[in-house]
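J.: Build me a model:
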Amino acid sequence: MAIDRRLYIGPRLRRIRRDLGLTQADMAADLEVSASYIALIERNNRPVTADLLVRLAQAYSLDMAALAGGGGADEAARLQAVLKDPIFAHIDRASVEVADVVTNYPGIAEAFLRLYTTYQEEQLALADRGAESRGGGEDEATDPVAESRRFLAARRNSFPALDDAAERLARTVAEDGGLIEHLRARHGLRVRRLPSSVMVGSMRRLDRHRREVLLDDALDAASQAFQLALQLAYLEIGGEIDAVLADGSFATESGERLTRRALASYAAAAVLMPYSAFARAAETRHYDVEALARQFGASFEQTAHRLTTLQKPGQERVPFFFIRVDPAGNVSKRLDGAGFPFARHGGGCPLWSVHHAFRTPREIVTQWLELPDGQRFFSIARTVTAGGGAFGAPRVERAIALGCAAEHAGKLIYTQGRAGPDAEAATPIGVTCRLCQRTECAARSEPPIGRQILSDDIRRTSLPFGFSDT
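T.: This is a model prediction of the structure:
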């Protein structure tokens, strides 16, 4: 039986044409074919010939191997990942069918992916509204921070389009000799470091009039590099950031701005720690955060944050969750790629080591965790410092925790030589006291929802609350 080796690249050709700002007639003229032929190829009604592939590569300086590769591989991987959701568990689906849908009906595939993402956002919004109705506080439908967190959580904090754009930019930066030389050569911008008193509260500022990027000289090397990469992201990946942002729906302008800032920071980290190289290094070094930070010239927090983003379809690594808290327990950053049930309102569990890390500054603390439903996770926690850089300069001390589900923990250097979660005692924690039914917890600050508190007229227990059995 003969194998059909015809190559269809309709969606890729259309994307290339649009990225170049060309009409079908413009591209047809460049390639010396008819506009109707380009239209047929874009609709996958005609295969592309080897001759046309060569002409495409030459006319637009494209990688012919990438053009001729498996059509829609990224989209197929995304679709396969989505179809692993439990709501599709009883639907028979073959991988070849997924590839056929992506190749022959790219618009339908993209529509399905957008619809699924919208569904995830709505599920998170419903959870937020449910928590608010139980007395959680401010309505999260109009809370800009909650809006931004929902956007990131619905996409598991993974944005392959930004990773791809940042990887291309990182190669160009390396060819130019680094961030500073790239800004000078490509944008005519000079980098200057100025005292904090001159910067007047700014870490970074773009002075278009003088063609300069100004940096606070109190920033450490990792922070300076990140700020330069962030400026580059706004200058060169702004279109890709806006395209990702357009996929969301925001009730507030502040929520949209916070999300755009988060996406720009994502792109900046991806420039400093390109996906392919960073993912390989993470596996080689067994997810040693400090070693990875030194290899890529990044801070501990930047590296831990980047580890939560390694969920590019088809190239997934260990899924992590991440949280950053201050000494009072306030959460200033929360990212979840591992299915960890963060508390949406109120404080977290005081038994979690992230709250104890302030006792041993800059020392990594490891811990096995067990939730009331039996789920087990492994986490590391450490303090990080923001600010400072000069005597008397204000500093902010925070603690961050990075963790993963127990089944992935064996891949981490922090579990090497240790007993597994079944052999080693796990700390029983709850999401938050109001949702934790462990009645024997001496650290409890509130009674759980649905439990009747006993009177202490006759007997007072050693625990904060006594509960009836009914």
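
J.: going forward, measure contacts between C-alpha atoms and count neighbours the same way
T.: Fine.

J.: A161: how many residues sit nearby?
T.: Neighbourhood size, A161 [other CA atoms under 10 Å]: 16.

J.: That one: what's it in contact with?
T.: 240, 244 (CA atoms under 8 Å, 6 or more residues apart in numbering).

J.: That one: which element?
T.: helix 160-176 (DSSP states H and E).

J.: Give the other helices and strands that the helix or strand following that helix contacts.
T.: Once helix 160-176 ends, the next helix or strand along the chain (criterion: DSSP H and E) is helix 179-187. Judged by 3 or more CA pairs under 8 Å, 6 or more residues apart in numbering; DSSP states H and E, helix 179-187 is in contact with helix 160-176, strand 190-194, helix 221-236.

J.: got these as JSON lines, with mean pLDDT columns?
T.: Compiled in JSON lines, those are given as follows (pLDDT from 0 to 100):
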{"stretch": "helix 160-176", "mean pLDDT": "96"}
{"stretch": "strand 190-194", "mean pLDDT": "96"}
{"stretch": "helix 221-236", "mean pLDDT": "97"}
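
J.: okay, which residue is most central for this structure?
T.: Taking CA atoms, centre = their mean, the centroid of the chain lies closest to N157, which sits 2.7 Å from it.

J.: Surely that residue forms part of a helix?
T.: No: counting by DSSP: H, G, I helix; E, B strand; the rest coil, N157 is not part of a helix but coil.

J.: can you pull the pLDDT of the closest residue to it other than its chain neighbours?
T.: Counting by CA to CA, 6 or more residues apart in numbering, T309 is the residue found nearest to N157 once chain neighbours are left out, at 5.7 Å. For T309, the model assigns a pLDDT of 95.

J.: same thing with the one 4 residues further on?
T.: According to the predicted model, the pLDDT of P313 comes to 86.

J.: Quote the end-to-end distance of stretch 410-428.
T.: With CA to CA, to the nearest Å applied, stretch 410-428 spans 20 Å between its terminal residues.

J.: what's in contact with it?
T.: Residues from elsewhere that reach stretch 410-428 (CA under 8 Å, 6+ apart): 283, 285-288, 351-352, 366-372, 376, 406, 409.

J.: among those residues, which are in strands?
T.: The strands, defined by DSSP state E, take in 366-370, 376 from the contacts of stretch 410-428.

J.: since we're on Q231, how many residues are nearby?
T.: Number of residues near Q231 (other CA under 10 Å) recorded here: 20.

J.: Distance of it relative to E147?
T.: Between Q231 and E147 the distance is 24 Å, computed by CA to CA.

J.: cool, L20 as well?
T.: According to CA to CA, L20 stands 33 Å off from E147.

J.: Compare the two and say which one has the larger neighbour count.
T.: Applying other CA under 10 Å to L20 and E147 shows that E147 carries more neighbours, namely 26 against 11.
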